[in-house]
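Enquirer: the following block contains a protein sequence and its predicted model.
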Amino acid sequence: MLLRSELKETAIPHRTKLRQLIVEAWKRYFHVLKGDLAVSVSAVLFTLTEVWVSKNAMGQVSFTADIWSNQALTAYLAMTAHWIAKIEGTGTLALKGALISFHRLRNKHTGKSLARTVLHLLDRADVTIKVGLTLYLQS
C-alpha cells in the first residue's frame, strides 16, 4: 500500500506513542470525572453532618461491575458509576454514567481478592464513601 505523497512514514505514530496518548487522555478524563463525582460525594458528607446540602448533588452514586476473560483467559474487571446531576443554569436533572475503571485482574477471583481490587478502584476514583451494598445474583 502506498502512502499519500505528502505523508511520510515517520508521521504515523508508533503503537507506543498511541498508547501514551490514550493513557494521557484517560488521565485528563478521569480528573474531570472525579470532580463530577465529588459533587455527589460532598452532598452525602454534608447531609451526614447536617450542615448543608450541595445544590448540584441530587443523591447517591450507583456502581455496576462486570468481570470477564478474553480468549487467552486473561481476566478483566470494568466498573461504571451512575448518578443524577443538576444541570447548571437550567434546573433540570440529567442521568450521568461513566466508566471509572477498566482493570486487568492478576490474582485469583476469590471474594477477598475481588473486594481488595474493587475498594482500591473506588479509592482511586475518590468515591469509596458512596458505597452501599445491593447484590444481584445471576442464575
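Expert: It's in.
Enquirer: can you give me the helices in the protein?
Expert: Counting by DSSP state H, the chain has these helices, from start to end: 15-49, 111-124.
Enquirer: tell me, what residue is most central in the protein?
Expert: residue 100 (0.6 Å; C-alpha atoms, centre = their mean).
Enquirer: is that residue in contact with residue 118, as I believe?
Expert: No. Counting by C-beta atoms under 8 Å, residue 100 does not reach residue 118; the two are 10.8 Å apart. In short, each C-beta sits where N, CA and C put it, glycine included.
Enquirer: okay, and the common contacts of those two?
Expert: Common neighbours of residue 100 and residue 118 (criterion: C-beta atoms under 8 Å, 6 or more residues apart in numbering): residue 79.
Enquirer: the closest residue in space to residue 99 that isn't next to it in sequence pairs with what?
Expert: The shortest distance from residue 99 to any non-neighbouring residue, by C-beta to C-beta, 6 or more residues apart in numbering, is to residue 80 (5.5 Å). Note on residue 80: beta-bridge partners by DSSP bridges are residue 64, residue 99.
Enquirer: low-scoring stretches of this protein, by residue?
Expert: Scanning the chain for pLDDT under 70 picks out 1-3, 38-59, 130-139.
Enquirer: again, only using 50
Expert: 41-57 (pLDDT under 50).
Enquirer: what about the nearest residue to residue 124 once chain neighbours are set aside, how many neighbours?
Expert: Using C-beta to C-beta, 6+ apart and skipping the chain neighbours, the partner closest in space to residue 124 is residue 101 (7.3 Å). Summarising burial for residue 101: neighbours were counted as other C-beta atoms under 10 Å, giving 20.
Enquirer: repeat that for residue 65.
Expert: So residue 65, with other C-beta under 10 Å, has 15 neighbours.
Enquirer: how far away is it from residue 12?
Expert: Computed as C-beta to C-beta, to the nearest Å, the residue 65 to residue 12 distance reads 37 Å.
Enquirer: cool, and residue 25?
Expert: 19 Å.
Enquirer: the residue nearest to residue 99 - how many residues pack around it?
Expert: So residue 80, with other C-beta under 10 Å, has 15 neighbours.
Enquirer: please apply the same query to residue 28.
Expert: 9.
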